[in-house]
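> Here is my input, please return the structure:
(one chain, ligands or ions: 1)
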Amino acid sequence: MSFVKNKKIYGLVAFESNTGAMGKKGELPWYLPSDLKHFKNLTKNQTIIMGRKTFDSILNSYGSPLPQRQNIVLSKKTTNIDTYKDVLFVDNIKKALENSKSETIFIIGGGEIFKVFSKILCGLYATILDVHQTDNADTFFPINILDQFSKKETIGEFFENNIKYQIIFFYK
Ligand SMILES: NC(=O)c1ccc[n+]([C@@H]2O[C@H](COP(=O)([O-])OP(=O)(O)OC[C@H]3O[C@@H](n4cnc5c(N)ncnc54)[C@H](OP(=O)(O)O)[C@@H]3O)[C@@H](O)[C@H]2O)c1
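Model prediction:
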């Protein structure tokens with residue numbers, strides 16, 4: 001795609017290993033401080049692209065868009081546009097990428113958005129949880145996206161809040 005020339009587009013996600021569970025009732029099904037730190041470090045001063053429901057979940061959790069990075073939200077609606085002046089709302093993937101200011105872009109979910117962007121990711125930072133504590137999850141990461149990457153590197157292994165998880169970087 002010509003409009004993504006010179007941009008590096010990465011996915012950034014956390015999901016449960018067996019099912020791909022990643023969301024529940026508009027929230028993350030877990031609280032993993034080290035993973036949130038990892039998210040913050042990677043995305044600081046970069047562009048993050050997300051679906052409108054993920055944006056809503058960030059607003060519910062933090063009360064504001066994520067600071068110190070360019071927030072781009074995909075939505076077909078125009079409800080929030082005037083409320084969040086620093087957030088760019090776009091109605092298609094082309095506009096999201098064309099308006100990204102940083103050379104490195106992070107696609108941060110949710111499930112719908114990963115389906116839209118799956119083909120153009122050059123890498124994926126995946127936090128993979130080792131447990132089955134995601135009853136009633138309603139949002140799932142399309143795990144088959146991992147098949148498009150031939151290499152992987154483990155960034156770290158963690159145990160927090162009784163949850164064992166790994167952060168793995170998948171790439172081509
Ligand atoms: N574990 C993780 O790493 C992680 C990461 C992110 C989110 N989550 C969780 O995932 C859940 C939200 O994910 P989700 O899959 O339900 O929703 P989502 O992907 O965050 O957002 C879906 C919305 O994005 C917009 N959209 C989707 N495709 C579009 C396109 N091609 N063009 C324009 N707009 C488009 C639509 O917004 P409109 O309806 O406004 O048109 C759609 O309703 C929450 O529970 C959240 O906490 C988990």
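
> make it CA atoms for all contacts and neighbour counts henceforth
Fine.

> where does the protein dip in pLDDT?
1-3, 132-134 (pLDDT under 70).

> do you know how far the residue nearest to the spatial centre of it is from the ligand?
Most central in the chain under CA atoms, centre = their mean is I108, positioned 1.5 Å from the mean C-alpha point. Counting by CA to the nearest ligand atom, to the nearest Å, the separation of I108 from the ligand is 6 Å.

> who touches that residue in this structure?
Under the criterion of CA atoms under 8 Å, 6 or more residues apart in numbering, the neighbours of I108 are 11-13, 48-50, 114.

> Now secondary structure too, for the residues you listed, in TSV please.
Output for the contacts of I108, formatted as TSV (DSSP: H, G, I helix; E, B strand; the rest coil):
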residue	secondary structure
G11	strand
L12	strand
V13	strand
I48	strand
I49	strand
M50	strand
F114	helix
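
> and the ligand, which of the residues you listed reach it?
With the criterion set as CA under 6 Å from any ligand atom, the members of the contacts of I108 near the ligand are V13.

> now stretch 78-91: how far from the chain's centre is it?
19 Å (CA atoms, centre = their mean, to the nearest Å).

> okay, how far is it across that stretch, tip to tip?
Stretch 78-91 has an end-to-end distance of 9 Å (CA to CA, to the nearest Å).

> cool, stretch 84-97 as well?
For stretch 84-97, the end-to-end distance is 19 Å (CA to CA).

> what's that stretch in contact with?
Here stretch 84-97 has contacts from 3-4, 49, 65, 70-78, 81, 116-117, using CA under 8 Å, 6+ apart.
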